[in-house]
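Asker: Turn this into a structure:
(chains A and B)
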Amino acid sequence: GENVEQHPSTLSVQEGDSAVIKCTYSDSASNYFPWYKQELGKGPQLIIDIRSNVGEKKDQRIAVTLNKTAKHFSLHITETQPEDSAVYFCAASKNSGYSTLTFGKGTMLLVSP
Amino acid sequence: KAGVTQTPRYLIKTRGQQVTLSCSPISGHRSVSWYQQTPGQGLQFLFEYFSETQRNKGNFPGRFSGRQFSNSRSEMNVSTLELGDSALYLCASSLGHNTDTQYFGPGTRLTVL
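Answerer: Next comes the predicted model:
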């Protein structure tokens, strides 16, 4: 089955710095890659996603890049703010007749003022 | 549009008991997926229901079961609870077509004593 590796497990940055979280996946058939943000006591919230026919996608301070050849994708957050502090999860999915996400282990991002 | 709702939010049970958790998807969504989240294993897929049928199942013992009703609401049941079943149980809903976006509820925090 699919396996998703996520690094780093924790990331500490100063407010205003950029943060990068990287994920690799094993199943070359995977073609959908969402990123979720989870705050304490809440469920994961989708922040951005990318499909395999696109190499990069941007939404204000957040961007995701995808390299299908290398089977890795990354989340980039620019001009970080304290409210960006949370756990971020990457996931992968494919056209298989059903909806199943395989998640990375998560990255705890701490943004210091 | 209302988001995914889960009830109850918190639950305390003792070993050997059984528990039923409920999930109401976003209106119009026909797929409901269940995930177990623990600090050690992260987010793991339990099963997915679409139009009252289980379409996919993760690698969990038969003590974990679920069902979906005609209004797309779903329940999951865990019988003969073990200490290791303590976790945050999340449900996610989507339209149900392959790699459609999944939206998560706030989760049910289950503690087994």
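Asker: rest of the way, CA atoms for contacts and neighbours
Answerer: Noted.
Asker: Spit out the contact partners of residue 75.
Answerer: Let's take chain A. A:20-22, A:35, A:62-65 (C-alpha atoms under 8 Å, 6 or more residues apart in numbering or on different chains).
Asker: You answered for a different chain; I wanted chain B.
Answerer: Listed by C-alpha under 8 Å, 6+ apart, the contact partners of B:Glu75 are B:20-23, B:66-68.
Asker: bridging residues for B:Ser94?
Answerer: Note on B:Ser94: beta-bridge partners B:Ser31, judged by DSSP bridges.
Asker: same question, A:Lys58
Answerer: Under the criterion used (DSSP bridges), A:Lys58 bridges to A:Ala63.
Asker: So A:Asp84 sits against A:Val111, correct?
Answerer: Yes: between A:Asp84 and A:Val111 there is a contact under C-alpha atoms under 8 Å: 6.8 Å.
Asker: If you count surrounding residues, which of those two has more?
Answerer: Neighbour tally, A:Asp84 and A:Val111, criterion other C-alpha atoms under 10 Å in any protein chain shown: the higher count belongs to A:Val111, 21 against 17.
Asker: ok so A:Phe33 is a helix residue?
Answerer: No: counting by DSSP: H, G, I helix; E, B strand; the rest coil, A:Phe33 is not found in a helix; it is strand.
Asker: how close does the closest residue to it other than its chain neighbours sit to A:Tyr36?
Answerer: Excluding the flanking residues, the one nearest A:Phe33 by C-alpha to C-alpha, 6 or more residues apart in numbering or on different chains is A:Ala92, at 4.7 Å. Distance of A:Ala92 to A:Tyr36, given as C-alpha to C-alpha, to the nearest Å: 11 Å.
Asker: Contact partners for residue 104?
Answerer: In the absence of a named chain, this looks at chain A. A:Gly104 sits next to A:3-6, A:23, A:89-91, B:42-43 when contact means C-alpha under 8 Å, 6+ apart.
Asker: that's the other chain; I wanted chain B
Answerer: Taking C-alpha under 8 Å, 6+ apart, we find B:Phe104 in contact with A:43-45, B:4, B:90-93.
Asker: and the residue in chain B positioned nearest to chain A, how many neighbours?
Answerer: Closest approach between chain B and chain A, counting by C-alpha to the nearest C-alpha: B:Pro106, at 4.2 Å. Counted with other C-alpha under 10 Å, residues neighbouring B:Pro106 total 22.
Asker: That one: which element?
Answerer: For B:Pro106, there is no helix or strand it lies in under DSSP states H and E.
Asker: hmm, back to that, can I get the contacts of B:Phe104 in TSV with neighbour count, pLDDT and distance to B:Arg15?
Answerer: Formatted as TSV, these follow (neighbours: other C-alpha atoms under 10 Å in any protein chain shown; pLDDT from 0 to 100; distance: C-alpha to C-alpha, whole Å):
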residue	neighbour count	pLDDT	distance to B:Arg15
A:Gly43	22	95	26
A:Pro44	23	96	28
A:Gln45	18	96	32
B:Val4	23	97	29
B:Leu90	28	98	21
B:Cys91	33	97	23
B:Ala92	29	96	27
B:Ser93	33	95	30
